[in-house]
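Q: here are the coordinates; sequence isn't available:
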Ligand code: SAM
Ligand code: DTB
Ligand code: SF4
């Protein structure tokens, strides 16, 4: 027998998900030999989910560009010249039409994104009408609108909001290398308001911003020690946007990306882990490996917010070739 591949002191498969992970434990998971790591993650994936099921979300940017934040990866920040023009909040009826098309295309959840630092009360009625209208179509609703106050979160819940996306983006020690216009604690406060309002949380981050493995472990450690693990956990592969400070960031090694998915699956075993932005430049085999390592959600539709995503026909073929099918709504809302 070769050297042990796993620190026996790390409890990987308790009856219920752990919330007492230490940063060192999470970092140690990244060191497990690749095939063993993927195997362990695949095993735990099967404990909580049907591994042939994938949850399908579709995005729409309902308010694009001109954002007051300076997130170093983002095409929509007013701080960078990216060629993305700023536009006003869309009309409710136009959003509903897009949601109908998304539903017809097979999406289960419709996520409305706005390039805002925070939601303003004056926009609440219109955003609430969008949420109510999308919900009435029989879609799950998700929104990502920047920071929220507790009363705004409650109003969105009352309008029919199922999920709120608010990413921690990276580990706490690397955060201020990426964005300086808000703090990590600001993000955690909004997540708390969302949880307290009874909305399911969608929270994850990005790899490929120059962070170390320890920073990646730092992000997953934060997520795994939240009062409730994210219901949905997006892992984005940076899409380098020309004109942003990260426009020339080198691509992340595919195996390292899969490690991130596998560790996310191990530390947040009941979360729906989304293989999120960046699939357009990933091979089918890399995506298959990510599903093997525990990813069970993707964005569908040829556009994310401003950047590209695989065509519908490309994804349909991929899922068919992998023998994967859309997650049933019941298991998508664990
Ligand atoms: N303005 C809101 C906010 O920041 O919370 C919502 C929209 S924002 C675009 C949502 C998330 O998309 C970010 O937190 C980030 O994780 C991800 N994202 C944005 N630009 C990206 C890029 N170029 N590559 C990968 N992920 C990106
Ligand atoms: C998430 O984690 N990724 C999505 C969604 N949540 C809002 C956004 C990805 C954005 C990719 C870059 C763009 O389209 O501008
Ligand atoms: Fe604004 Fe969100 Fe982009 Fe940051 S990620 S600049 S908050 S739209």
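A: Thanks, I have it. Worth saying up front: this structure is predicted, and the values here are computed from it rather than measured. Ligands and ions are numbered 1, 2, ... in the order given.
Q: so residue 111 sits in a strand?
A: Yes - if the criterion is DSSP: H, G, I helix; E, B strand; the rest coil, then residue 111 is within a strand.
Q: Across the sheet, point out what pairs with it.
A: Beta-bridge pairing for residue 111 (DSSP bridges): residue 59, residue 142.
Q: from what I can see it touches residue 56, true?
A: No - assessed by Cβ atoms under 8 Å, residue 111 is found out of contact with residue 56, at 11.1 Å. Just so you know, the C-beta spots here come from the backbone N, C-alpha and C atoms, and that holds for glycine as well.
Q: Neighbour count: those two, which is higher?
A: Ranked by neighbour count (other Cβ atoms under 10 Å), residue 111 and residue 56 place residue 111 first, with 27 against 21.
Q: Can you pull up the most central residue in the chain?
A: residue 234 (2.1 Å; Cα atoms, centre = their mean).
Q: Mind checking if the helix or strand encompassing that residue is in reach of ligand 3?
A: Assigned by DSSP states H and E, residue 234 belongs to strand 232-237. No - using Cβ under 6 Å from any ligand atom, strand 232-237 never reaches ligand 3; the gap is at least 10.6 Å.
Q: same check, this time on stretch 301-317
A: No - applying Cβ under 6 Å from any ligand atom, one finds stretch 301-317 out of contact with ligand 3, separated by at least 7.8 Å.
Q: For that stretch, give me every contacting residue.
A: By Cβ atoms under 8 Å, 6 or more residues apart in numbering, the list of residues contacting stretch 301-317 from outside reads 58-59, 61, 64-65, 75-76, 84, 102, 105-107, 113, 239, 241, 277, 279-280, 298-300, 318.
Q: Can you mark which positions in it are buried?
A: Buried residues in stretch 301-317, counted by 16 or more other Cβ atoms under 10 Å: 301, 304-306, 309-310, 315.
Q: wait, residue 85 sits on residue 65?
A: Yes - here residue 85 reaches residue 65: they are 5.7 Å apart, a contact under Cβ under 8 Å.
Q: who's more crowded, these two?
A: It is residue 65, of residue 85 and residue 65, that has more neighbours when counted by other Cβ under 10 Å, with 19 against 8.
Q: where's residue 249 relative to residue 206, distance?
A: 10 Å (Cβ to Cβ, to the nearest Å).
Q: what residues are shared contacts of the two?
A: Shared contacts of residue 249 and residue 206, defined by Cβ under 8 Å, 6+ apart, are found at residue 238.
Q: more neighbours, these two?
A: Higher neighbour count among residue 249 and residue 206: residue 206, with 26 against 17, using other Cβ under 10 Å.
Q: so the more buried one sits right up against residue 169, yeah?
A: Yes - with contact defined as Cβ under 8 Å, residue 206 counts as touching residue 169 (5.6 Å).
Q: ok, the residue nearest to the centre of the chain touching residue 168?
A: No - Residue 234 lies out of contact with residue 168 (Cβ under 8 Å); the separation is 10.7 Å.
Q: Look at the closest residue in space to residue 233 that isn't next to it in sequence and say how many residues are nearby.
A: The shortest distance from residue 233 to any non-neighbouring residue, by Cβ to Cβ, 6 or more residues apart in numbering, is to residue 271 (4.2 Å). When neighbours are counted by other Cβ under 10 Å, residue 271 registers 28.
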